[in-house]
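In: model this:
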Amino acid sequence: MRVAGIGVLALLLAGCATTGSGSGSGANSAPPPAPLKGATSAGEAELKSTYKVWPGVPTVIRNVTIYDGKGGRIENGAVRFENGKLVSIGQSVNEAGATVIDGAGKWVTPGIIDIHSHLGDYPSPGVPAHSDGNEATGPVRPEVWAIHSVWPQDPGFSRALAGGVTVLHVLPGSANLFGGRGATLKNVYGRTAQDMLMPEAPWSLKMACGENPKRVYGSRSQMPGTRMGNIAMTRQTWANARDYQAKMKAAKTPQLRNLQMETLVGVLDGKILVQNHCYRADEMANMIQLSHEFGYRISAFHHAVEAYKITDLLKENGICAAMWSDWWGFKLESYDGIEENLPFVHAAGGCAITHSDDADGIQRLNQETAKALADGRKWGLNIKDEEAWTWIAINPAKALGIDDKVGSLEPGKQADVVLWNGNPLSVYSRPQMVWIDGALLYDSNDPRRRPVSDFEIGHPGAGDRK
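Out: Numbers count the residues shown, from 1 in each chain. Sure thing, here's the model as predicted:
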């Protein structure tokens with residue numbers, strides 16, 4: 001990305017425990033292994049993050065209402081960050097040597113985390129030449145990586161930044177049973193996708209069940225063409241991965257690499273997190289059974305429009321549900337979606353997440369969260385504003401294995417901070433300033449910090465930013 005008014009030289013210098021028994025039909029399966037935080041996997045040597053923290057200054061924001069991202073609230077509070085990290089948070093903080101911003105009447109939150117995005121892989125405005133999210137050449141494609149399709153000049157990144165999004169997880173599409181690896185990005189300006197890749201964030205594996213795989217491949221008269229075909233192919237793929245894992249462990253000499261199997265074994269070894277596209281409750285239960293059969297863990301079900309039907313099962317297995325606020329009915333498997341889905345999962349003690357899956361929706365995840373919160377309150381669920389903020393803060397961070405780094409305002413964590421010009425759960429509020437790792441990257445009052453991508457420069461509508 002390029003920021004008008006900032007020279008090229010400056011840009012270059014800136015640089016849940018698992019228990020339960022699958023579908024509830026028995027207790028013979030051992031709990032699936034928990035993922036290893038920050039674990040690396042096969043392929044690390046081939047793709048390293050080149051992310052560099054942009055320069056910032058010691059900063060204090062005071063006299064603000066704070067949602068800390070993990071369910072806490074501080075009135076007339078203050079936060080201090082420097083050297084890319086949060087230093088202190090409370091009613092007051094040490095202001096010595098810091099740039100002080102008086103935020104009277106304003107709010108501070110951790111940066112928003114979108115667990116389900118396709119920015120870069122499906123840039124907006126969308127054209128076929130940039131449609132790179134689905135490798136729809138076969139139902140089993142775990143060897144592809146979404147980051148290799150990410151186009152850093154996608155204008156959607158800067159639009160999301162203006163909406164307070166500091167971290168996003170870019171996934172392959174859902175045409176396939178195994179769609180490939182997803183990547184967690186910091187929402188910074190980068191010449192390459194690797195410049196945005198969040199260091200030490202685990203890779204994910206995108207899986208899908210339901211209508212999409214059976215429609216895409218069934219229409220070609222190939223397997224899977226039914227839901228039972230979906231499960232059969234998924235089971236066989238995991239069985240093959242188990243065989244490959246055993247073979248590699250027993251091998252006395254170097255073996256030919258199999259990139260498909262490397263990703264799958266990374267999951268079985270607890271190093272790669274499963275992010276599973278799934279709508280219906282019965283299908284989520286089927287996938288949980290498969291995870292127990294082969295000994296892997298599902299980190300989150302995405303879309304999960306029927307999560308409210310199996311809140312106990314999700315909680316028992318430590319699986320998050322990443323959901324829209326009110327999308328439902330646009331295809332048959334989404335007909336039982338309800339607008340109270342998010343708050344029902346939260347009220348049951350589960351891990352509820354607001355996600356976008358949309359280049360426009362990612363720009364207003366605060367409003368999507370507010371809509372779902374209001375729908376829950378209509379049904380008597382007394383969920384506090386600060387609790388709802390966990391749906392776009394610490395909960396997605398947990399599901400991505402990065403909650404030790406981001407997702408809440410706590411000393412020692414990365415300083416991803418948003419200053420809102422009002423209550424962030426109000427339709428009238430928007431981010432005023434956004435910091436990533438303590439660097440001010442967006443300022444609504446400063447045209448130099450309202451980024452424009454190279455793709456937009458010289459195009460009608462880009463405007464003259466001086």
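In: contacts, neighbours, all on C-alpha from now
Out: Noted.
In: Near Gln275, how many other residues are there?
Out: 28 (other C-alpha atoms under 10 Å).
In: what pairs with it across the strands?
Out: Lys206, Ala300 (DSSP bridges).
In: Now for it: which residues touch it?
Out: Gln275 makes contact with 204-207, 298-302, according to C-alpha atoms under 8 Å, 6 or more residues apart in numbering.
In: what's the distance between it and Gly180?
Out: As judged by C-alpha to C-alpha, to the nearest Å, Gln275 and Gly180 stand 10 Å apart.
In: Likewise for Gly103?
Out: 43 Å.
In: More neighbours: those two, which one.
Out: Gly180 (27 against 21).
In: For the more buried one, identify the helix or strand it belongs to.
Out: strand 178-186 (DSSP states H and E).
In: where does that strand sit relative to the chain's centre, distance-wise?
Out: 9 Å (C-alpha atoms, centre = their mean, to the nearest Å).
In: quick one: the helices in the stretch 51-200 of the chain?
Out: Ranges of helices within the stretch 51-200 of the chain are 156-162, based on DSSP state H, counting those that start in this stretch.
In: go on, the stretch 251-400 of the chain?
Out: 259-268, 281-294, 311-316, 341-347, 365-378, 385-388, 394-399.
In: Of those, give the one that comes closest to Asn176.
Out: helix 259-268 (13.5 Å; C-alpha to C-alpha).
In: From the contact counts, what lies against that closest one?
Out: helix 227-250 (3 or more C-alpha pairs under 8 Å, 6 or more residues apart in numbering; DSSP states H and E).
In: in the helix it packs on, what counts as buried?
Out: 229-231, 233-235, 237-238, 241-242, 244-245 (16 or more other C-alpha atoms under 10 Å).
In: wait, what's in contact with Ala347?
Out: 381, 383.
In: Gly318 versus that one, what's the distance?
Out: 15 Å.
In: go on, Lys398?
Out: Taken as C-alpha to C-alpha, the span from Lys398 to Gly318 is 11 Å.
In: now do Gly173
Out: Applying C-alpha to C-alpha to Gly173 and Gly318 gives a distance of 24 Å.
In: who's more crowded, the two?
Out: Gly173 (26 against 22).
In: okay but the more buried one is in contact with Gly133, surely?
Out: Yes - using C-alpha atoms under 8 Å, Gly173 is in contact with Gly133, at 5.1 Å.
In: list residues touching both of the two?
Out: His118.
In: shouldn't Ala393 be in contact with Gly407?
Out: Yes - counting by C-alpha under 8 Å, Gly407 is a contact partner of Ala393 at 4.5 Å.
In: anything in contact with each of the two?
Out: In contact with both Ala393 and Gly407: 69-70, 110-113, using C-alpha under 8 Å, 6+ apart.
In: Narrow these to those in strands?
Out: 110, 112-113 (DSSP state E).
In: Buried ones among these?
Out: 110, 112-113.
In: what residues does stretch 319-335 touch?
Out: 16, 115-116, 210-211, 279-280, 298-307, 314, 336-342, 345, 350-356, 368-369, 371-372, 395, 399.
In: which residue packs closest to Leu264, ignoring adjacent ones?
Out: Ala241 (6.1 Å; C-alpha to C-alpha, 6 or more residues apart in numbering).
In: How much space separates that neighbour from Gly180?
Out: From Ala241 to Gly180 the distance is 15 Å (C-alpha to C-alpha).
In: Tell me who's in contact with Glu306.
Out: So Glu306 contacts 279-281, 334, 336-338, 341 (C-alpha under 8 Å, 6+ apart).
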